[in-house]
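Asker: test case, fold it:
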Amino acid sequence: MSGLYFEDFFVGQSIKTTGRTVSEDAIFSFAGLTGDYNQIHTDAAFASKTQFGQRIAHGLLGLSVAVGLIMQTGLLEGTVLAFREITEWKFVKPFFIGDTVYAELTVTETKSLARIGGGAIIASVAVKNQNGETCQRGTLNLLMLSKPN
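Answerer: Model prediction:
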């Protein structure tokens with residue numbers, strides 16, 4: 001599937017991704033990739049004594065999964081030039097092993113950038129769990145290609 005071009009996006013457009021369940025394996029793979037073996041993520045006995053009562057996923061794992069889910073929609077396939085900026089990102093609630101993560105993206109602004117052959121799409125993103133609770137939120141700035149002439 002070919003992605004959407006800059007001109008295909010409009011303010012108010014909303015996209016909801018499919019979900020992905022956070023597994024223990026994903027947490028350990030992310031720890032290995034990043035080197036972040038913090039006990040809150042990797043040590044069940046330690047984590048059981050924290051305010052969460054159990055291990056939590058890395059905050060950046062939640063963000064990374066959300067970006068992957070957005071990419072899996074196909075909307076950006078072959079048409080995104082770059083993830084230009086992530087702003088005002090808030091880690092509101094943790095994700096736990098077994099939680100199912102999904103993202104809701106809403107376009108809040110479009111800005112033509114002729115010099116790059118496309119434009120910027122500004123979108124608010126809420127990353128939620130299976131109960132619809134917002135666990136993370138922020139804004140993505142994406143550079144998109146214009147439709148070919």
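
Asker: okay, CA-based contacts and neighbour counts for the rest of this
Answerer: Will do.

Asker: buried stuff in the longest helix along the chain?
Answerer: Secondary structure of the chain per DSSP state H: the longest helix is helix 59-72. By neighbour count on 16 or more other CA atoms under 10 Å, the buried set for helix 59-72 is 59, 61-63, 65-67, 69-70.

Asker: chain center to the longest strand seen in the chain: distance?
Answerer: Identified as the longest strand of the chain according to DSSP state E is strand 100-113. Taking the mean C-alpha point of strand 100-113 and that of its whole chain, the gap between them comes to 10 Å (CA atoms, centre = their mean, to the nearest Å).

Asker: likewise for stretch 9-25?
Answerer: Worked out by CA atoms, centre = their mean, stretch 9-25 lies 7 Å from the chain centre.

Asker: can you give me the end-to-end distance of that stretch?
Answerer: 36 Å (CA to CA, to the nearest Å).

Asker: contacting residues around that stretch?
Answerer: 57, 65, 69-70, 72-73, 95-110, 121 (CA atoms under 8 Å, 6 or more residues apart in numbering).

Asker: which of the residues you listed count as buried?
Answerer: Judged by 16+ other CA under 10 Å, buried ones among the contacts of stretch 9-25: 57, 65, 69-70, 95-97, 99-107, 109-110, 121.
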